[in-house]
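Undergrad: Using only what follows, build the 3D model:
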Amino acid sequence: MSVRVMLVDDHASMRAGLSMVLASDPEIDVVGEAGNGAEAVRVAIERRPDLVFLDVEMPGWNGVRTTTELLRVLPEVRILVLTMFDLDEYVAGAMQAGAHGFLLKTADARELIAAVHACAAGEAVLTPEVLSRVAAHFVRSHSVRPREGLDRLTEREREVLALMCQGLSNGEIAARLVVELATVKSHVAHILQKLAARDRLQAVVMAYRAGLA
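TA: Residues are numbered from 1 along each chain as shown. Sure thing, here's the model as predicted:
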């Protein structure tokens with residue numbers, strides 16, 4: 001079954017480029033577009049996409065508010081945010097608002113298509129470049145919070161969480177630690193349970209906010 005995708009960007013040329021790239025994959029169906037956050041909510045309610053490609057910086061509602069409003073009206077929709085290198089505050093806000101993945105606007109066609117399928121399948125899309133800049137933002141803004149259950153993690157779980165904070169997938173973590181993939185999945189599940197995190201992205205946010213990443 002195709003992944004139903006909606007594109008939200010205030011530049012029509014950007015939407016056209018994304019649409020052309022995504023249309024090259026027969027398992028992706030672009031079902032709608034919007035040029036601003038308020039329009040995005042209206043179109044999403046009508047078209048019911050599985051995933052929204054969202055520009056983090058737009059006039060009116062920025063990506064943070066748009067993410068919040070989209071998840072309020074369509075809690076099951078997946079949000080994949082596109083960003084530039086110098087928009088750390090917006091990205092940090094979108095992470096906390098519940099976005100499910102982040103890509104740089106410089107991503108190539110292969111990365112864009114892979115990100116759609118990974119995000120639609122329930123995975124968090126976290127590039128090391130975006131993660132490192134968001135981490136720096138949390139440090140600069142001194143937004144360190146209580147450890148929120150992080151003290152309950154075992155030493156191995158902390159190690160896995162640290163690798164998650166580097167943007168590594170479960171398979172990459174397994175290779176790094178020389179363990180079975182199933183073992184990593186079990187560690188990740190325990191981490192999410194102990195932190196009461198809805199997904200691995202929220203667990204990463206908690207680690208950043210507690211100063212552990």
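Undergrad: Going by C-alpha atoms from here, please, whenever you check contacts or count neighbours.
TA: Fine.
Undergrad: Tell me how far G93 lies from V56.
TA: To V56, G93 is 10 Å away according to Cα to Cα, to the nearest Å.
Undergrad: tell me the centre residue of this protein?
TA: Centroid-nearest residue in the chain: G101, 1.5 Å away (criterion: Cα atoms, centre = their mean).
Undergrad: and it, what is it in contact with?
TA: I79, L80, V81, C119, A124, V125, L126, L201 (Cα atoms under 8 Å, 6 or more residues apart in numbering).
Undergrad: Identify the bridge partners of it.
TA: L80, V125 (DSSP bridges).
Undergrad: What pLDDT is listed against it?
TA: For G101, the model assigns a pLDDT of 85.
Undergrad: before we move on, what about V125?
TA: In this model, V125 is scored at 82, pLDDT.
Undergrad: which stretches of this structure aren't confidently modelled?
TA: Scanning the chain for pLDDT under 70 picks out 85-89, 129, 132-148, 213.
Undergrad: L54: what secondary structure?
TA: strand (DSSP: H, G, I helix; E, B strand; the rest coil).
Undergrad: is it true that E33 lies in a strand?
TA: Yes: assessed by three-state DSSP, E33 belongs to a strand.
Undergrad: Next one: the residue of the chain positioned farthest from its centre from V184, what distance?
TA: Residue farthest from the centre of the chain, counting by Cα atoms, centre = their mean, is V178 at 26.5 Å. Plainly put, V178 is 10 Å away from V184 if you go by Cα to Cα.
Undergrad: Then A121?
TA: On the measure of Cα to Cα, A121 and V184 end up 18 Å apart.
Undergrad: more neighbours, those two?
TA: Legend: neighbour count by other Cα atoms under 10 Å for A121 and V184, higher for V184 (22 against 11).
Undergrad: wouldn't the more buried one be in contact with A174 here?
TA: Yes: applying Cα atoms under 8 Å, one finds V184 in contact with A174, separated by 6.0 Å.
Undergrad: who does the closest residue to A40 other than its chain neighbours bridge with?
TA: Of all residues beyond its chain neighbours, the one nearest A40 is A34 (5.1 Å), with distances taken as Cα to Cα, 6 or more residues apart in numbering. As for beta bridges, A34 partners with V8 under DSSP bridges.
Undergrad: Identify the residues contacting A34.
TA: Going by Cα under 8 Å, 6+ apart, A34 touches M6, L7, V8, D9, D10, A40, V43.
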